[in-house]
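**Student:** A predicted structure for the sequence below; I have some questions about it.
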Amino acid sequence: MTKVKICGLMEAQHVRVAVDAGADAIGFVFAPSRRQVSIDKAAELAIHIPQSVLKVGVFVNAEKSEIQAIYEAVPLDIVQYHGDETPEFIEKVGLPAFKAFSIKDFDDVQKASAFNVTPLFDAPGVEFKGGSGKTFNWDILSKAGFQERPFILAGGLNAENVGEAIRQVNPVMVDVSSGVEIEKRKDEQLIREFIKTVKLKSEER
């Protein structure tokens, strides 16, 4: 069964909707972004998240001390590295982690092999790292033979295309943000539709 992460949540009502609809992970963005939240806000929102749902913090080239402090304060379950972090740095921080990779070609996928954490394959960012709202060529993943290793798929996903994504590359988790937004704000109905579609298409596969 493909899991679902709803990322970039900033309001309690959207956290509740995502959890009630069956989200497996909730993402809070601490890096520069229009979806960036403070530590206090994330901790406030985390109150509405049961232990069965992962709390993921998104960081871009943050210091070790900052990551560890936020991880404890919220608290988080997973650190998502979305910058130029090295395998050595991630190991030094020593926390459960995902590592995001912007995919343009085969070589970008191969970079993930050097990391001993779950990779997240995303479309290249535009204004910020990631979060472009665009898909990338999923055939690249198939050609790289990455079906043999669990990975997370992000980049331009929505209720209309996520079924094809699951069929084509079988990610262990899909990650959505702008695909469940209307006018740059999370939409409750789109969140429900996305999660329902993922669960349905996973069962059909």
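**Tutor:** Good, I have the coordinates.
**Student:** for the top helix by length along the chain, packing partners?
**Tutor:** Ordering each helix of the chain by length in residues (DSSP state H) puts helix 188-204 first. Where contact means 3 or more CB pairs under 8 Å, 6 or more residues apart in numbering; DSSP states H and E, helix 188-204 is packed against strand 3-7, helix 12-21, helix 162-169. Backbone N, C-alpha and C define where each C-beta goes, glycine included.
**Student:** State the mean pLDDT of whichever helix or strand comes after the second one.
**Tutor:** Using DSSP states H and E, the helix or strand that follows helix 12-21 towards the C-terminus is strand 25-29. Taken as a whole, strand 25-29 has an average pLDDT of 98.
**Student:** so where do the strands sit in the chain?
**Tutor:** 3-7, 25-29, 54-59, 78-81, 97-102, 118-122, 152-153, 173-176, 181-182, 185-186 (DSSP state E).
**Student:** Between those strands, which one is closest to residue 14.
**Tutor:** Closest approach to residue 14 among those is made by strand 185-186 (4.3 Å; CB to CB).
**Student:** what does the helix or strand bottoming out on mean pLDDT in the chain contact?
**Tutor:** Lowest mean confidence among the helices and strands of the chain (mean pLDDT, DSSP states H and E): helix 139-143, at a mean of 84. Helix 139-143 is contacted by residues 103, 105-106, 108-109, 121, 147, 151, 153, 168-169 when judged by CB atoms under 8 Å, 6 or more residues apart in numbering.
**Student:** now stretch 55-75, how far from the centre of its chain.
**Tutor:** Its chain's C-alpha centre and that of stretch 55-75 lie 15 Å apart, by CA atoms, centre = their mean, to the nearest Å.
**Student:** buried residues in that stretch?
**Tutor:** Buried positions in stretch 55-75, judged by neighbour count with 16 or more other CB atoms under 10 Å: 55-60, 62, 67, 70-71, 74.
**Student:** Any chance of JSON lines for those residues, columns distance to residue 162 and pLDDT?
**Tutor:** Shown next, in JSON lines, are these (distance: CB to CB, whole Å; pLDDT from 0 to 100):
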{"residue": "55", "distance to residue 162": "22", "pLDDT": "98"}
{"residue": "56", "distance to residue 162": "18", "pLDDT": "98"}
{"residue": "57", "distance to residue 162": "23", "pLDDT": "98"}
{"residue": "58", "distance to residue 162": "20", "pLDDT": "98"}
{"residue": "59", "distance to residue 162": "25", "pLDDT": "98"}
{"residue": "60", "distance to residue 162": "25", "pLDDT": "96"}
{"residue": "62", "distance to residue 162": "29", "pLDDT": "98"}
{"residue": "67", "distance to residue 162": "29", "pLDDT": "98"}
{"residue": "70", "distance to residue 162": "29", "pLDDT": "98"}
{"residue": "71", "distance to residue 162": "29", "pLDDT": "98"}
{"residue": "74", "distance to residue 162": "27", "pLDDT": "98"}
